[in-house]
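>>> What follows is a predicted structure for the sequence shown.
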Amino acid sequence: MAALAVLRRSAPARLLSGTLCVHSRVLAPWRQYQSNRHFSNDKILVEMDESTGVAVMKMKNPPVNGLSLELLTEFSISLEKLEIDRGCRGLILTSASPKVFSAGLDITEMCGKSAEHYAAFWKAVQEMWLKLFGSNMVTIAAINGSSPAGGCLMAMCCDYRIMADSPKYAIGLNETQLGIVAPFWFKDTMTHTVGSRVTEQSLQLGQMYPAPAALKFGLVDQLVPEDKVQITAAAAMAQWLSVPDHARQITKPMIRKPIVDRLVKQREADIDNFVSFISKESIQKSLQAYMDRLKQKKQ
Ligand SMILES: CCCCCCCCC/C=C/C(=O)SCCNC(=O)CCNC(=O)[C@H](O)C(C)(C)COP(=O)(O)OP(=O)(O)OC[C@H]1O[C@@H](n2cnc3c(N)ncnc32)[C@H](O)[C@@H]1OP(=O)(O)O
């Protein structure tokens, strides 16, 4: 993977750009007004602070940040932009919607659609994972609400997880509860985060963990009051960024590259497997029944 293979943020390059930045601030005060850059698509909002080299990326797909094909595509494009931006060293991933980080994959993308649609959707899910799990940047998840399934996957892809301290908010890979199965790379990501035993049990039961329980076994790293999630993420980021980039960037893929390579080697087969699984009538019925239950919950 390009992001893992190339160490683009070498220390000398960073030092150089830092120096230029300082000089330009002294020589040209107008540049201060440019120290925060924004770019946004329909579903993704990015705020880049050039003085710290940290980008905050907010998912904004109300009401629950379902990971639709559109959101996933915008996510991967935005992440790629940041990845090649030499001024960007860290990414904080969070939600623009209160109470939900992400409800995971948008189930409507997996119901009643064509095989071509399922293949395009799954490719976009893979792409999101490859880019985020394999990112060269420091990645921190600021989990400001519930985070089931694909939402949990995104959080686990990050280097560090800070979650709002409330038993109302839960996180986990609950796929089996929907009658579907977390693919091997979801499983690999969870094993990487919390180890085999917890993963085995969690995946079979499709277990969702309230924030305090998730902290106990390391599914998240830190709990803070809801209104402190962002500021704590910024403080944690400063600590991670105090390590020289080149050393951290050589260390990260030592652990992650073999996991990334497993999917890269069998990407097409994984898409075929998803399409044939999700197209089964019994699976479609399970998903439909789950959506009906979600809607009934309100009545
Ligand atoms: C072999 C291997 C091969 C491969 C096999 C296949 C592998 C697939 C891997 C799948 C990974 C996944 O991520 S599957 C996705 C799993 N996700 C989930 O189970 C999350 C379900 N959602 C929730 O639990 C809750 O909505 C939660 C997120 C906590 C927020 O609760 P709230 O009370 O705030 O909101 P709700 O009232 O429930 O929801 C608001 C509206 O959003 C809808 N909604 C909620 N979640 C949704 C979702 N994920 N997709 C679409 N729509 C969703 C609801 O139906 C409501 O619609 P209206 O009534 O119309 O307003």
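Thanks, I have it.
>>> Just the helices from this protein, written as ranges.
All helices of the chain, identified by DSSP state H, fall at 2-5, 11-27, 69-84, 115-133, 150-157, 184-194, 196-205, 211-216, 229-241, 245-265, 267-279, 281-296.
>>> which helices and strands does the longest one pack with?
This points to helix 245-265. helix 2-5, helix 11-27, helix 115-133, helix 184-194 (3 or more CB pairs under 8 Å, 6 or more residues apart in numbering; DSSP states H and E). Glycine gets a C-beta too; all of them are placed from N, C-alpha and C.
>>> worst average pLDDT in the ones you listed?
Mean pLDDT per stretch puts helix 11-27 lowest among the helices and strands packed on helix 245-265, at a mean of 31.
>>> quick one: Trp240 and Ile92 touch, right?
No: judged on CB atoms under 8 Å, Trp240 makes no contact with Ile92 at a distance of 10.7 Å.
>>> who has more neighbours, these two?
Applying other CB atoms under 10 Å to Trp240 and Ile92 shows that Ile92 carries more neighbours, namely 24 against 17.
>>> For that one, give me its contacts.
Neighbouring residues of Ile92 by CB atoms under 8 Å, 6 or more residues apart in numbering: 54-57, 140-142, 230, 233-234, 237.
>>> circling back: need the residues touching each of Trp240 and Ile92.
Counting by CB under 8 Å, 6+ apart, the shared contacts of Trp240 and Ile92 are Ile140.
>>> list the contacts for Gln201?
For Gln201, the contact set (CB under 8 Å, 6+ apart) comprises Gln207.
>>> Could you measure from it over to Ile259?
Separation of Gln201 from Ile259 (CB to CB, to the nearest Å) stands at 20 Å.
>>> Met190 is in contact with Phe133, correct?
No: if you go by CB under 8 Å, Phe133 and Met190 don't touch, sitting 11.7 Å apart.
>>> Now do the contacts for Val138.
Applying CB under 8 Å, 6+ apart to Val138 gives the contacts 89-91, 159-160, 237, 240-241, 248.
>>> likewise Pro62?
By CB under 8 Å, 6+ apart, the neighbours of Pro62 are Ser97.
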